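[1] With the input below, show me the fold.
(one chain, ligands or ions: 2)
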Amino acid sequence: MGHIKELKKLPPEREKVETVKILRQLSKTSQSLGELKGIAKTIPNQAMLVNAVVLQEAKDSSEIENIITTQDELYKALASQNKPLSQVKEVINYRKAIFTGFELIKQQGFLRVKDLETIQKTIIENNAGIRAISGTVLKNDKTGEIVYTPPQEKNKILDLLSNFLEHFNINQTDLHPLINLAILHYQFESIHPFYDGNGRTGRILNILYLIINDLLDIPILYLSSYINENKSDYYKFLNQVNKTDKWEDYILYMLKAVEETANYTIRKINKITNQLETTIEKVKEEAPKIYRKELIELLFEQPYSKIEFVVEKLKVERKAASRYLKRLENIGVLKSEKIGRENLYLNSELIEILKH
Ligand SMILES: Nc1ncnc2c1ncn2[C@@H]1O[C@H](COP(=O)(O)OP(=O)(O)O)[C@@H](O)[C@H]1O
Ligand SMILES: [Mg+2]
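    Ligands and ions are numbered 1, 2, ... in the order given. Below you'll find the model as predicted:
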């Protein structure tokens, strides 16, 4: 394994993280993010937007699983009382974890180690917590080569985590929070405090950090789709910081990711709100008797609706709810699909928007 470089505590040297190139990119990124924050505010039903975008992120983030830890087997053994997790279950858990984190931030405005554990546990569904047994290394999944060895002793991990949280909760430097976002993400991934789920937990922390710093009000900016599309650079630049302490490429990468994702999310929000308007008009015209704004908004909170959702949201009887959904199917707004014993109603236009 050779000599293992120790992970340094935060903050890194300022000249390394605040170069001219970084500052130039920063102003573009801030502008896009500011625009996204503004547009999100104008949307009447924020739950609708958050649900739709979070679902997409949950799927994307769960797909970034290129690096396999050698502790995967141990981890699986620890989890073995549970049934094996299906892909779908993981995505649902991830979404739950985002909301759990968002609630924590709204309630207390900061995170503690046990909150990190709560978020990770929600994703992974096991109680292993912070790594206590050594042996976790990051490997290139294609070549099997060890690319990085995170700290091994639990005390060391806790010490680095507390340094991480000090900087996460309160900006200790006068670096721009978006530069800090990149630094903190690197640091969390390099501490790699858990046997598994570090990538996904770290990507949830990114969004929470934006909210803590008032760069966004609601959790709607997710980098996983960008990272998926530029995955080898993500690993390469994380690795470059590990090995050489050169931050510029990595920070530029993260700033670019935030900029492009903000722009992409703005376009997506516009598409969703346009489609919502179109649907409202269509229902008003073709099924005026059942038209209610909340009903149509509900169809945009998740791609699938069912009777229970309508009952809960509109406070109507099951019979009425069922009639609404059937009527919406008649006029071509929804498509029903029998899954097991349940009837689900699919908003295929929304799915199309979310897919692209
Ligand atoms: N060289 C590296 N240095 C630090 N972190 C890395 C490096 N390479 C990959 N990572 C991080 O490790 C994550 C994978 O760890 P893992 O615990 O399996 O998370 P998950 O199961 O959520 O994918 C990657 O998504 C990435 O964020
Ligand atoms: Mg993993």
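[2] Scan the chain for its longest helix.
    Criterion DSSP state H: the longest helix present in the chain is helix 248-286.
[3] Packing partners of that one?
    In terms of contacts (3 or more Cβ pairs under 8 Å, 6 or more residues apart in numbering; DSSP states H and E), helix 248-286 is packed against helix 14-17, helix 20-41, helix 46-63, helix 177-191, helix 224-229, helix 231-244, helix 293-299, helix 348-355. C-beta here means a position set from N, CA and C on the backbone, and glycine is covered the same way.
[4] Give me whichever of those helices is most buried.
    Mean neighbour counts were compared across those using mean count of other Cβ atoms under 10 Å; the top stretch is helix 177-191, at a mean of 22.
[5] Only the C-alpha atoms, please, for it, written as PDB.
    Taking Å, rounded to 0.1, in the frame of the first residue of the first chain, the C-alpha atoms of helix 177-191 are listed here in PDB:
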ATOM      1  CA  PRO A 177     -20.100  29.300   0.800                       C
ATOM      2  CA  LEU A 178     -20.100  27.700  -2.700                       C
ATOM      3  CA  ILE A 179     -16.300  27.200  -2.400                       C
ATOM      4  CA  ASN A 180     -16.900  25.800   1.000                       C
ATOM      5  CA  LEU A 181     -19.500  23.500  -0.400                       C
ATOM      6  CA  ALA A 182     -16.900  21.900  -2.600                       C
ATOM      7  CA  ILE A 183     -14.300  21.700   0.200                       C
ATOM      8  CA  LEU A 184     -16.800  20.200   2.600                       C
ATOM      9  CA  HIS A 185     -17.900  17.600   0.100                       C
ATOM     10  CA  TYR A 186     -14.400  16.500  -0.500                       C
ATOM     11  CA  GLN A 187     -13.700  16.400   3.200                       C
ATOM     12  CA  PHE A 188     -16.700  14.300   4.000                       C
ATOM     13  CA  GLU A 189     -16.000  11.800   1.200                       C
ATOM     14  CA  SER A 190     -12.400  11.500   2.300                       C
ATOM     15  CA  ILE A 191     -13.200  11.000   6.000                       C
END
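[6] Can we start the residue count at 7 from this point?
    Okay, residue one is now 7; in that scheme the one you just asked about reads as helix 183-197.
[7] So that helix, near ligand 1 or not?
    Yes. Helix 183-197 reaches ligand 1 (Cβ under 6 Å from any ligand atom) through 195, 196.
[8] Which strands and helices lie in contact with that helix?
    Partner elements for helix 183-197 (3+ Cβ pairs under 8 Å, 6+ apart): helix 20-23, helix 26-47, helix 160-175, helix 204-218, helix 237-250, helix 254-292.
[9] Redo those as TSV? Include mean pLDDT and distance to residue 347.
    Converted to TSV, the helices and strands packed on helix 183-197 look like this (pLDDT from 0 to 100; distance: least, Cβ to Cβ, whole Å):
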stretch	mean pLDDT	distance to residue 347
helix 20-23	98	55
helix 26-47	97	38
helix 160-175	98	45
helix 204-218	96	32
helix 237-250	95	39
helix 254-292	96	28
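[10] Identify whichever of the ones you listed lies nearest to ligand 1.
    Among the helices and strands packed on helix 183-197, helix 204-218 comes nearest to ligand 1, with 2.4 Å by Cβ to the nearest ligand atom.
[11] Now do the closest one and helix 160-175, the angle between them.
    On the basis of axes from the mean of the first three to the mean of the last three Cα atoms, to 10 degrees, helix 204-218 is oriented at 30 degrees to helix 160-175.
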